[in-house]
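Visitor: got a predicted structure plus its sequence, pasted below:
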Amino acid sequence: MKILWTVACATTLWSPVQAFVTSRGPVGTGSGALHGSRQPARRGSAAASMVFNTKKTGATGVKQLKSELLSIAGATGRGVSMTEEQRTRIDELMEALTKVNKVKDAATSPLLNGKWVLQWTDEKETAFLLKSGLFGLKTGEVSQTIDTKQQVLSNAVLFGTGDDVASAQGTFQVGSTAIPETSGARVNFEFLSCSIRWKKFTVPLPPVGKGWFASVYLDESMRITTDSRGDRQIFTRG
């Protein structure tokens, strides 16, 4: 049960969530805050200066920023193992994309809805799932599906073989509300359900927690978020 409780506490998850956000308190003051309480990326290098020259960043430049960001994210194992150089460059690239974000009211944008697949996070509980797997099963796809019209959000971690919830050998699923604020990037959530399945055995877990997430960069194929406690995620369209 200790292992199951550890997994249950990972309800902070890949997604916008943090099970105990009320005890930790929110970080960042605006719905577009990228780093929360983290220190901003260093900008002394020539590369950083190039990235932050947003006036010259057109469609081609944005495409290059996204490509480099996904390349580095993949090299870190979705955030499980990062060098300081990789972390700094990810910070720079995410901030650069945030500066050229054209979807100002991301919470109510139709682009937000649909399935999103996690490519990187600095959230510790999710990193635990990515690294440890589930009782001998390797962690596969981590995703979330958002429907702001119905005000629901579902999160799924797949384990072992299988490419969807039905066929995977193991799953960790969390359901919550998804209530967008009328302007800005912030979507509020509260957990409604939680369960873990290992092969044929399913265990329901208590859905505890609420908070918010903000999509600080959003387009047709990529989404960068920060959440109530300052954790960050990079998603691509599923």
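Guide: Yep, that arrived.
Visitor: quick check on residue 61: phi, psi?
Guide: Here the main-chain torsion angles of residue 61 (degrees, to the nearest 10) amount to phi -60, psi -40.
Visitor: brain fart, residue 232
Guide: Dihedral angles of residue 232 (phi, psi; degrees, to the nearest 10) stand at phi -130, psi 150.
Visitor: surely it meets residue 223?
Guide: No - between residue 232 and residue 223 there is no contact under C-beta atoms under 8 Å: 11.2 Å. (C-beta placed from N, C-alpha, C; glycine too.)
Visitor: show me where the chain has helices.
Guide: Taking DSSP state H as the criterion, the chain carries its helices at 2-9, 21-24, 46-51, 59-75, 84-99, 124-132.
Visitor: out of the ones you listed, the one nearest residue 149 is which?
Guide: helix 21-24 (24.7 Å; C-beta to C-beta).
Visitor: pLDDT weak spots in this protein?
Guide: 1-57 (pLDDT under 70).
Visitor: can you give me the buried ones in the longest strand along it?
Guide: Across the chain, the longest stretch assigned as strand under DSSP state E is strand 186-198. Residues of strand 186-198 classed as buried by neighbour count (16 or more other C-beta atoms under 10 Å): 186, 187, 188, 189, 191, 194, 196, 197, 198.
Visitor: do stretch 120-137 as well
Guide: Going by 16+ other C-beta under 10 Å, stretch 120-137 has these buried residues: 120-123, 125-130, 133-135, 137.
Visitor: equivalent analysis for stretch 85-105, please.
Guide: Of the residues in stretch 85-105, 88-101, 103 count as buried by neighbour count, 16+ other C-beta under 10 Å.
Visitor: now do stretch 208-228
Guide: Neighbour counts over stretch 208-228 (16+ other C-beta under 10 Å) mark 209-219, 222-228 as buried.
Visitor: pull the CA coordinates from that stretch and hand them back as PDB.
Guide: Coordinates of each C-alpha in stretch 208-228 appear next as PDB, following Å, rounded to 0.1, in the frame of the first residue of the first chain:
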ATOM      1  CA  VAL A 208      -7.900  14.700  -3.500                       C
ATOM      2  CA  GLY A 209      -6.800  18.100  -4.600                       C
ATOM      3  CA  LYS A 210      -7.600  21.100  -6.800                       C
ATOM      4  CA  GLY A 211      -5.600  24.000  -8.400                       C
ATOM      5  CA  TRP A 212      -5.100  25.600 -11.800                       C
ATOM      6  CA  PHE A 213      -3.000  25.400 -14.900                       C
ATOM      7  CA  ALA A 214      -2.100  28.000 -17.500                       C
ATOM      8  CA  SER A 215      -1.100  27.400 -21.100                       C
ATOM      9  CA  VAL A 216       1.500  30.100 -21.500                       C
ATOM     10  CA  TYR A 217       2.200  28.900 -25.100                       C
ATOM     11  CA  LEU A 218      -0.500  27.400 -27.300                       C
ATOM     12  CA  ASP A 219      -0.800  26.600 -31.000                       C
ATOM     13  CA  GLU A 220      -2.100  23.800 -33.200                       C
ATOM     14  CA  SER A 221       0.600  21.400 -32.300                       C
ATOM     15  CA  MET A 222       2.300  22.400 -29.000                       C
ATOM     16  CA  ARG A 223       1.300  23.500 -25.600                       C
ATOM     17  CA  ILE A 224       3.500  24.800 -22.700                       C
ATOM     18  CA  THR A 225       1.900  25.000 -19.300                       C
ATOM     19  CA  THR A 226       2.700  26.000 -15.800                       C
ATOM     20  CA  ASP A 227       0.500  25.200 -12.800                       C
ATOM     21  CA  SER A 228      -0.400  26.100  -9.200                       C
END
